[in-house]
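# Below is the sequence, then the predicted model.
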Amino acid sequence: AAAAETITAVNRFHAAALAHRSISISSPTAALGGRERALGRDARVRRWFATGGEARATHGGEAAAAAAEAPPDTSGAESGPAALYHARYSGRDANQLRVLAKLQRLYTDLTSTSSPASSSSAVGGGLNIVEPSSGGGSAVGSIWAMLTSAPASEPVRAPQGLYLYGGVGCGKTMLMDLLYEALPPSVSKFREHFHGFMLDVHARLRAKEKAQDPLAAVALELVSSARAGDPSSSSPVLLCLDEFMVTDVADAMILNRLFAALWEHGVVLVATSNRAPASLYERGLQRELFLPFIANLEGRCDAHQLRSPTDYRMLAKRLREPLLFWGDGADEQVRLSFRALAGVGEGEEPAEVVEGAKIEVMMGRELEVPLSAGPLALFKFDALCGKPLSAADYIALTERFHTVAIEHVPIFLPKDVPAAYRFVTLIDEVYERRVRLILSMEGSPAELFQHVVTQSEKAERRDDPHLVVDDNLGFTKDRVVSRLMEMQSLVYARAHAEMRAPELLDMLPSEDDGKEGAEEEAAEAEEEETQRKSRAA
């Protein structure tokens with residue numbers, strides 16, 4: 001009976017949260033009329049999200065019209081992300097320039113002396129937990145009061161954020177990081193990869209499990225940490241989240257209340273993702289309880305699709321020495337590379353090779369490293385992705401070692417889905433910390449996910465006996481392949497050296513060498529094409 005009352009209360013909360021979007025659904029009172037009416041209401045909500053809703057259809061039409069227009073001219077900016085962009089990049093991608101204009105406006109809002117009014121004032125600032133009444137009453141009454149009470153204090157006024165989504169390698173993270181870099185120290189800000197951010201949230205929740213409202217306490221702690229220079233400030237706080245992707249039910253169930261509290265404290269969210277807001281946590285467990293977060297996210301952030309046809313990672317100049325190996329002898333190549341790198345630097349003593357070293361992982365766990373030598377680590381794929389490890393393990397690994405070598409990454413089959421998910425998470429953390437990655441693989445990067453498709457693609461692949469139908473993997477596989485290719489580039493090698501191994505900077509080719517190498521590669525490619533045509537003839 002208590003569970004039934006709780007479910008009814010959650011359904012009422014669901015309706016109240018979505019009411020901020022002016023959706024035509026039954027009232028909270030109707031939810032008490034029985035399970036049939038509650039289910040009917042949820043069905044209408046699901047249909048609204050499936051069709052996009054009137055508000056979203058209007059927004060989509062405006063977005064399509066905006067995409068057809070010439071991008072705003074930001075070349076005259078003297079500061080902010082636009083100034084950094086035009087100083088660093090000679091190319092002009094019209095799709096990136098549209099995003100740049102939005103980021104420049106946000107930069108102006110955040111750096112202005114007076115906090116601008118939120119452009120999403122019609123959306124509720126969040127639902128606070130309040131003291132339950134000391135008198136009698138049903139469980140429904142208490143939960144309903146906790147979930148729908150008005151904020152105890154006036155929410156901090158803040159500008160609208162930006163949720164940037166689109167294909168791989170089109171510059172989403174680069175653009176977000178330009179805003180983050182351009183903001184002066186006077187603006188409170190913090191940047192995280194989504195995996196790391198949620199791990200931090202869960203760790204803080206465990207530490208505050210005795211608090212009356214742990215989520216509200218965690219939100220306040222996060223904001224206070226960002227405002228370390230002035231804890232009493234009520235100015236907006238920028239939160240940049242890279243690769244926003246929800247696959248964990250534990251994350252999905254807390255995001256709405258967590259972000260409601262963060263937004264109430266003046267957090268401005270700028271996020272990147274491969275998924276549109278309406279596609280987040282698609283087909284996830286109890287997704288109906290996640291839908292209010294999508295509605296609030298779309299109200300608090302301008303959802304902008306970066307429609308660039310170019311994957312810029314594929315255009316980067318490649319290193320002459322490969323880091324990815326496949327085919328015969330690939331595993332041996334990885335071991336040879338590991339041994340060669342263990343003694344980097346002329347005249348240096350080789351680093352001591354250690355078997356079975358252990359590194360600390362958050363929450364008191366440890367990760368065993370089969371072979372390590374100074375800042376280098378060597379694993380077999382099964383030891384790293386075939387076991388129940390998580391982002392916390394990969395964060396600890398990539399913080400401890402600047403070079404990770406992995407033997408025998410398989411072509412993923414239906415039995416390998418859990419390992420494939422872990423591999424995606426591993427690559428995200430490796431890329432986030434600019435770790436040098438050496439791999440031996442059963443096939444090329446693109447071939448690793450050749451059997452993985454989304455629901456919409458499966459009809460075209462019915463003849464594949466090893467087909468893996470998984471929307472999340474289907475959407476993220478392109479990002480993994482793109483990042484693996486970029487990790488072989490001179491640009492990535494330079495970023496790795498600057499961030500993790502400065503001693504390697506002098507060993508990298510100069511810019512002039514890179515240009516000469518590019519010319520050589522172009523000549524080689526032309527010669528190969530000539531030979532191919534000759535053989536065909």
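Sure, I can see it. Quick caveat: nothing in here was measured; it's all calculated off a predicted structure. Numbers count the residues shown, from 1 in each chain.
# show me where pLDDT drops low in the stretch 151-300 of the chain?
151-155, 229-232 (pLDDT under 70).
# Which residue ranges of it form helices?
172-182, 194-207, 214-226, 249-264, 291-300 (DSSP state H, counting those that start in this stretch).
# Can I get these in CSV including distance to Gly166 and mean neighbour count?
Where C-beta positions appear, they are placed from N, C-alpha and C, glycine not excepted. Shown next, in CSV, are these (distance: least, CB to CB, whole Å; neighbours: other CB atoms under 10 Å):
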stretch, distance to Gly166, mean neighbour count
helix 172-182, 6, 20
helix 194-207, 16, 17
helix 214-226, 27, 19
helix 249-264, 21, 21
helix 291-300, 16, 23
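# for the spatially most central residue of the chain, what are its contacts?
With distances taken as CA atoms, centre = their mean, Glu243 lies nearest the centre of the chain, 1.3 Å away. Contacts for Glu243 (CB atoms under 8 Å, 6 or more residues apart in numbering) come out as Thr173, His193, Phe194, His195, Thr272, Ser273, Asn274, Asp428, Arg479.
# so how far is Gly196 from Ala82?
Per CB to CB, to the nearest Å, Ala82 is found 28 Å from Gly196.
# hang on, the earlier thing: so which of the helices of the stretch 151-300 of the chain is nearest Met487?
helix 172-182 (14.5 Å; CB to CB).
# Point out the one among the helices of the stretch 151-300 of the chain that comes closest to Val435.
Closest of the helices of the stretch 151-300 of the chain to Val435 is helix 194-207, at 14.2 Å (criterion: CB to CB).
# tilt between the closest one and helix 214-226?
Following axes from the mean of the first three to the mean of the last three CA atoms, to 10 degrees, one obtains 120 degrees for the angle between helix 194-207 and helix 214-226.
# For helix 194-207, output the C-alpha coordinates as CSV.
Written as CSV, here are the backbone C-alpha positions of helix 194-207 (Å, rounded to 0.1, in the frame of the first residue of the first chain):
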residue,chain,number,x,y,z
PHE,A,194,29.8,13.8,-17.6
HIS,A,195,31.1,10.5,-16.3
GLY,A,196,33.4,12.2,-13.8
PHE,A,197,30.8,14.7,-12.8
MET,A,198,28.2,12.0,-11.9
LEU,A,199,30.8,9.9,-10.0
ASP,A,200,31.6,13.0,-8.0
VAL,A,201,27.9,13.6,-7.3
HIS,A,202,27.3,10.0,-6.1
ALA,A,203,30.4,10.1,-3.9
ARG,A,204,29.2,13.4,-2.3
LEU,A,205,25.7,11.8,-1.8
ARG,A,206,27.2,8.9,0.1
ALA,A,207,29.0,11.4,2.3
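# Let me have the helices of the stretch 151-300 of the chain in CSV, adding distance to Ser188 as columns.
As requested, the helices of the stretch 151-300 of the chain are exported to CSV (distance: least, CB to CB, whole Å):
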stretch, distance to Ser188
helix 172-182, 12
helix 194-207, 16
helix 214-226, 4
helix 249-264, 12
helix 291-300, 18
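# what sits against the nearest residue to Glu282 once chain neighbours are set aside?
Nearest residue to Glu282, sequence neighbours excluded (CB to CB, 6 or more residues apart in numbering): Asp471, at 5.6 Å. By CB under 8 Å, 6+ apart, Asp471 lies in contact with Glu282, Arg283, Thr454, Gln455.
# Around the first one, count how many other residues there are.
Burial measure for Glu282: 17 neighbouring residues, criterion other CB atoms under 10 Å.
# tell me the phi and psi of it?
With angles defined as degrees, to the nearest 10, Glu282 sits at phi -60, psi 130.
# Next one: it from Ser456, what distance?
11 Å.
# so what sits against both of these two?
Common neighbours of Glu282 and Ser456 (CB under 8 Å, 6+ apart) do not exist.
# hmm, back to that, ok, of the contacts of Glu243, which one's closest to Ser234?
Using CB to CB, Phe194 comes nearest to Ser234 of the contacts of Glu243, at 26.6 Å.
# Next, find the distance separating the closest one from Ala446.
Distance from Phe194 to Ala446, counting by CB to CB: 25 Å.
# go on, Leu384?
21 Å.
# Redo the contacts of Asp471 as CSV? Include distance to Ala226.
Below are the contacts of Asp471 laid out as CSV (distance: CB to CB, whole Å):
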residue, distance to Ala226
Glu282, 31
Arg283, 34
Thr454, 37
Gln455, 39
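# Buried ones among the residues you listed?
Neighbour counting by 16 or more other CB atoms under 10 Å classes Glu282 among the contacts of Asp471 as buried.
# Now intersect the contacts of Asp471 with the strands, please.
The members of these all map outside strands under DSSP state E.
# Which residue is the nearest non-sequential neighbour of Arg483?
Counting by CB to CB, 6+ apart, Arg483 lies nearest to Tyr431, which is 4.9 Å off, once chain neighbours are set aside.
# tell me the SS of that neighbour?
For Tyr431, the assignment made with DSSP: H, G, I helix; E, B strand; the rest coil gives helix.
# is it true that it touches Met487?
Yes. Between Tyr431 and Met487 there is a contact at 7.2 Å, judged by CB atoms under 8 Å.
# residues bridging contact with those two, i.e. touching both?
Joint contacts of Tyr431 and Met487 (CB under 8 Å, 6+ apart) do not exist.
# which residues of the stretch 401-537 of the chain fall in strands?
For the stretch 401-537 of the chain, applying DSSP state E, counting those that start in this stretch gives strands covering 403-409, 436-441, 452-453, 468-469.
# okay, these in CSV with mean pLDDT, mean neighbour count and distance to Arg257 next?
Formatted as CSV, these follow (pLDDT from 0 to 100; neighbours: other CB atoms under 10 Å; distance: least, CB to CB, whole Å):
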stretch, mean pLDDT, mean neighbour count, distance to Arg257
strand 403-409, 97, 22, 36
strand 436-441, 97, 22, 37
strand 452-453, 95, 24, 33
strand 468-469, 94, 19, 32
